[in-house]
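1. got a sequence here, can you model it:
(chains A, B, C and D)
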There are 2 protein chains.
Amino acid sequence: MMKEVRSKYAELLEKHGLSKTPPRLNILSILTSRKVATPESYLEKKLGDRVDRVTLYRTLKTFEEKGILHKVLDQKGTANYAVCSEKCSEHRHYDEHMHFNCLVCNRVYCMDEIEFAPVKLPRGFKAKSINLTITGICRQCEGKSR
Amino acid sequence: MMKEVRSKYAELLEKHGLSKTPPRLNILSILTSRKVATPESYLEKKLGDRVDRVTLYRTLKTFEEKGILHKVLDQKGTANYAVCSEKCSEHRHYDEHMHFNCLVCNRVYCMDEIEFAPVKLPRGFKAKSINLTITGICRQCEGKSR
DNA sequence: ACATAAATGCAACAATGTTGCAAATAATTG
DNA sequence: CAATTATTTGCAACATTGTTGCATTTATGT
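-> Numbers count the residues shown, from 1 in each chain, chains lettered A, B, ... in the order given. Purely as a prediction, here's the structure:
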């Protein structure tokens, strides 16, 4: 029997026990091809009428719950999505990295390699997750303005 | 002549060169009476039909620009507003404090006194502002569940 | 190939935020 | 204190983002 050819997206879905449907494969394909976190509006435009808006929202939610995607909010509170690192799973998200949000192009960068010190909370407050976002001018936009 | 009696809200507005209108005084009065950052929806409900929704949005924007209020986004990306510390002004916001967002009651706390270390960015990235938000369970909700 | 559980698409709605414009009002000037 | 003027407000209409219910379609296991 021939070895079955399957995309890495299909594998990813299988790994998380999700059925391989065209919307899901489409969405994954767009997201993995991008280096920065992607806003929902971008996906919506890119997908056109291949995927219903509601399906997009539901798919993003599912992916987030399964640990395939991280949701990151930009300075305007709009949702952006980025493919998780290998270490993520349904049960634990390793998204404790910082994000950089450019004021000019609005791009959201995931900066996995930047470390930051833990924060001490007052008595009685229990932390579940931490979110550090720096807004400013990104390398590309800084370069252009010179 | 009698010393003119004016509320601290009126003074605040005067200080920033804003006219003293009923909507503005109303909004300031609600915001200063609260210890946590206040969502727009709360203000809308509290104000009823005393203030138009559009006016509320415009007033919040004006206040933010003048350095009277800080806008803080909660984990859902909804805007919350808190009165600035004394040090803020139109030209510079001293909002480099962390926020705590409770997953149960959704309250947003401004934690002015908590310090955190500065973060080093990669070459070419210029920081304009930093936002550190921790989500978890706040003291009140933690207490209730025991 | 069939049965079935899951996923999709559609319609309708809800929440949040914005814009243009006419009417009202706060501050200023005489 | 009355008239003027620039600012602010309220209304209507619209834009964007996200959600829910339900009928139809499709992926998957047998």
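
2. what stretches of chain A score poorly on pLDDT?
-> Scanning chain A for pLDDT under 70 picks out A:1-6, A:86-95, A:145-146.

3. get me the contact residues on it for DNA strand C.
-> A:18-19, A:21-24, A:49-52, A:54-55, A:58-59, A:62, A:77 (C-beta under 7 Å from any atom of the strand). For every residue, glycine as well, the C-beta is placed using N, CA and C.

4. list the neighbouring strands of the longest strand along chain A plus their orientation.
-> Using DSSP state E to define each element, chain A has its longest strand at strand A:126-137. Each strand paired with strand A:126-137, and its direction, by DSSP bridges: strand A:98-102 (parallel), strand B:126-137 (antiparallel).

5. buried residues in it, which are they?
-> Within strand A:126-137, the residues that count as buried by 16 or more other C-beta atoms under 10 Å in any protein chain shown are A:Ile130, A:Asn131, A:Leu132, A:Thr133, A:Ile134, A:Thr135, A:Gly136, A:Ile137.

6. give me the contact list for it.
-> With contact meaning C-beta atoms under 8 Å, 6 or more residues apart in numbering or on different chains, strand A:126-137 is reached by A:72-75, A:93, A:95-96, A:98-104, A:116, A:119, A:121, A:145, B:75, B:103, B:119, B:121, B:125-137, B:142.

7. quick check: phi and psi on the residue nearest the centre of chain A?
-> Nearest residue to the geometric centre of chain A (C-alpha atoms, centre = their mean): A:Ala82, 1.7 Å. Torsion angles at A:Ala82 (phi, psi; degrees, to the nearest 10) stand at phi -140, psi 140.

8. surely it touches A:Val72?
-> Yes. Counting by C-beta atoms under 8 Å, A:Ala82 does reach A:Val72; the two are 6.4 Å apart.

9. need the residues touching each of those two.
-> Residues touching both A:Ala82 and A:Val72 (C-beta under 8 Å, 6+ apart): A:Ala37, A:Val108, A:Cys110.

10. and the longest helix along chain A, what does it pack onto?
-> The single longest helix within chain A, with elements called by DSSP state H, is helix A:53-66. Judged by 3 or more C-beta pairs under 8 Å, 6 or more residues apart in numbering or on different chains; DSSP states H and E, the packing partners of helix A:53-66 are helix A:22-32, helix A:40-47, strand A:69-73, strand A:79-83.
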